[in-house]
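Peer 1: I would like to see how this sequence folds:
(2 chains)
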Amino acid sequence: MIRKIAMALVAGLMLATPALAADPPAEIKIGTLYASSGRFASISMPVHSALKIWVDQKNAEGGVYVKAFDKKIPIKLVAYDDQSNTATASTLYNQLITQDKVDLLVADSGSVLTAPAVAIARDHKMFLFDQTGTGASFFSKDNPYIALMADPVSTIWPKPVADFLTQDGPKLGIKKIALLYSTNEFTGTQANAVRKFIKEANAPVEIVYDQGVPTETSNYTVIINNIRAKQPDAVIHLGYAPNDIAFLRNVNEVGAKFKWLFCIYPGLETELLEKNVGVKGMQHVFTYVPPSELNYPVNFGMKMPEFRALWNKTFPDGKVEFGFNAVAGYTTALVIEKTLSVATSLDQMELRRAVFSLSGQLKTLDGTFALDETGGQIGELTPLGQLEPDGKGGLKFVAVYPHDVATGKPVYPRP
Amino acid sequence: MLVYALVAGLLFGLYFSLVGIGLNLVFGVMRIVNLAHGDFLMLGAFIAVGVSALAGFDPLFAVPLAFVVFVLVGLVLYYLLVPRLQGSVDPEMLSIILFFGLSQVIEALTTIAFGTSERSIDSGELGKILAGLRVHVFGGDADGPVELLGQSFPTSWVISAAVSVVAILLVYVYLYRTRLGTLTRAVMSRREEAFATGINVDRVSAVAFGIGLGLAAIAGVFAPFMFGSVTPAFGEDATVTSFAIVVLGSLGNPLGTALGGVVYGISYMVVQTYLSSWADLLPYVLLILILLLRPSGLLGRRVRVA
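Peer 2: Residues are numbered from 1 along each chain as shown, chains lettered A, B, ... in the order given. As a prediction, this is how the structure comes out:
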């Protein structure tokens, strides 16, 4: 009798197990970090705010469609404040994985705060949705647990800058280049890429000044004087938003007249830079042309004007600026949404397969999502542009390179 | 390049003397480590942003405003916090914890009020009321840089350095030419003995605490110009640098801070010129060097005897 009961129980369990495995969770837990203070707050909060906009939007619709359970499931965003501190970020990434047991892990914005997540995610075999961490060392063939969502990987990002200087530069009279960068994974990688592209081009240009400064640098007056002493025809400054603010302000304050000047953030966080540097200080500066200026055709998610309108409605006080990072956060959200709609389970390697299946297919307001085999983003490219007066007291982007997307000619030398 | 670095370092250093002097005054009088010093500096910067962006005035008007506001804030905070601290067994150690907490509260409240993004003021706004005088003395354009020794420096640096010199001189006059200053130095020298001789130590300390915070706020007015921008989290870095300068000059000697600031400024600019990647290590390297070679600071001995 006992044997019969035991067999019936085993049979019952065997029948019940598949049903239990298919039971949908009450919520999909997405774990992430943000920096509400510190050096990276201005690039982290827009990304995080955009992610929250998407979560609220989807939950208002009853959740996000999850193919693994063939139904809509609400999202729970588990987010902690790392305060721009990498040590705090390490602890919190571990907490998200081991204590909160999140289903999806999303990195904080920027390479500095993504760096700790890369190793931790890999150790825990957790797939990392890397929002904007573009550092070269994050991506390798032996690490399947990462993909870059919304920025081109830094090894290729500055190619339009280097190509312009080596191909169009000599025709304009550009022969000597100064390269100044902040010594971190993001801009350090971009500086390496610039050097590599210039060297490979074998063009009649040379780098006459090549210096790194700490990322925390907030004063460039002496450095600008040193650059001036080298009499470069073109100056490339690679830094985060606070670096660009300080650098551009100092350039104007000491009356330095660089004939060609490139900075990253006048294009990426134009509103923030305008507030701090002023329109006059940004005129004729070369920068990346952000997706907000390009209006890419989309096949998933909101178009740029819709997203911008929703952003303005959600953050009417302007405390979080709209810019490239806001778009990046929303792009990450769209990749997550699409991934959940095609992944057949929440297994981390299945999530990876689903993300990579979107490569070349997904077109968002940030451009075409395309990954290389290591998970580096090779789509969503940003052309080289120049900020020109719009005649109404503001600035407009003029794309100058590559030529097939150019909307105007470069102004050289800067007036 | 060296001449430029030296002049820039002098201007930069004079400003940093102002950044540190309030911290040193507070420590000298009360033996209290004010870890929220940088946050009061940050609040001074936000007052300047308000005066310039909202009211449309020259940020120089924020100097007296910030000073008065934070002297009053200092007086209130003193009577709220410090007597309880002084009554504890180890006030120095407890002050570190207390003011660290205060620093976090100030940063959080400012973040809630103003957001996390960088804030700044147009460089041309600072000293626009003195533009005519500046052109008369230094030549050049009204909104251009200042020419010194044939090299151009930001106008805001020269103004910041000039205000710093005036503020340091006023601190000197306060300490050595007023009765309250004499009492302050007595408290700095021997707190218990000053109390025993009938000096109202609390009143003297409260005024010093208020002045210390007021000086921090004045330094903050110039922070958007010296550092490009400020955020609510700006205070932490400012406190660390202030400590390096104060220890360099001598803990408890406000005038040593002036020297410490100049040494720091010149060292920073020279390192930035020749070893730019290492520039941010400077405060810590100077701190270690001074603690190893002259633990009492550059003017350490003089203060104890004074």
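Peer 1: model confidence score at residue B:255, please.
Peer 2: As predicted, residue B:255 sits at a pLDDT of 78.
Peer 1: tell me which element it falls in.
Peer 2: helix B:254-274 (DSSP states H and E).
Peer 1: what are the buried residues along that helix?
Peer 2: Of the residues in helix B:254-274, B:254-273 count as buried by neighbour count, 16 or more other Cβ atoms under 10 Å in any protein chain shown. Quick note: C-beta positions are derived from backbone N, CA and C, even for glycine.
Peer 1: contacts only, for the residue nearest to residue A:169 when sequence neighbours are not counted.
Peer 2: Ranked by Cβ to Cβ, 6 or more residues apart in numbering or on different chains and with sequence neighbours excluded, the top spatial neighbour of residue A:169 is residue A:205, at 5.8 Å. Counting by Cβ atoms under 8 Å, 6 or more residues apart in numbering or on different chains, residue A:205 touches A:165, A:166, A:169, A:170, A:174, A:175, A:176, A:177, A:198.
Peer 1: chain B versus the fourth one, what's the distance?
Peer 2: This means residue A:170. From residue A:170 across to chain B, the span is 29 Å (Cβ to the nearest Cβ, to the nearest Å).
Peer 1: number of nearby residues for the residue nearest to that residue when sequence neighbours are not counted?
Peer 2: Leaving aside its sequence neighbours, residue A:170 sits nearest to residue A:204 (Cβ to Cβ, 6+ apart; 5.2 Å). For residue A:204, the neighbour count with other Cβ atoms under 10 Å in any protein chain shown is 10.
Peer 1: tell me the pLDDT at residue A:204?
Peer 2: Value for residue A:204, per-residue pLDDT: 96.
Peer 1: for residue A:341, phi and psi?
Peer 2: Dihedral pair for residue A:341: phi -80, psi -10, per degrees, to the nearest 10.
Peer 1: verify the stated contact: it with residue A:67.
Peer 2: Yes: between residue A:341 and residue A:67 a contact is recorded at 5.5 Å, counting by Cβ atoms under 8 Å.
Peer 1: mutual contacts of those two, please.
Peer 2: In contact with both residue A:341 and residue A:67: no residue, using Cβ under 8 Å, 6+ apart.
Peer 1: count the residues that sit near residue 137.
Peer 2: With no chain named, the answer covers chain A. 12.
Peer 1: let me rephrase: I mean chain B.
Peer 2: So residue B:137, with other Cβ under 10 Å, has 10 neighbours.
Peer 1: ok, now how distant is it from residue B:164?
Peer 2: Applying Cβ to Cβ, to the nearest Å, the value for residue B:137 to residue B:164 is 18 Å.
Peer 1: do residue B:82 as well
Peer 2: As judged by Cβ to Cβ, residue B:82 and residue B:164 stand 27 Å apart.
Peer 1: what of residue B:116?
Peer 2: From residue B:116 to residue B:164 the distance is 29 Å (Cβ to Cβ).
Peer 1: and the pLDDT at residue B:196?
Peer 2: On the pLDDT scale, residue B:196 gets 90.
Peer 1: doesn't residue A:142 belong to a strand?
Peer 2: No: secondary structure assignment (DSSP: H, G, I helix; E, B strand; the rest coil) places residue A:142 in coil, not in a strand.
Peer 1: check which helix or strand covers residue A:354.
Peer 2: helix A:348-357.
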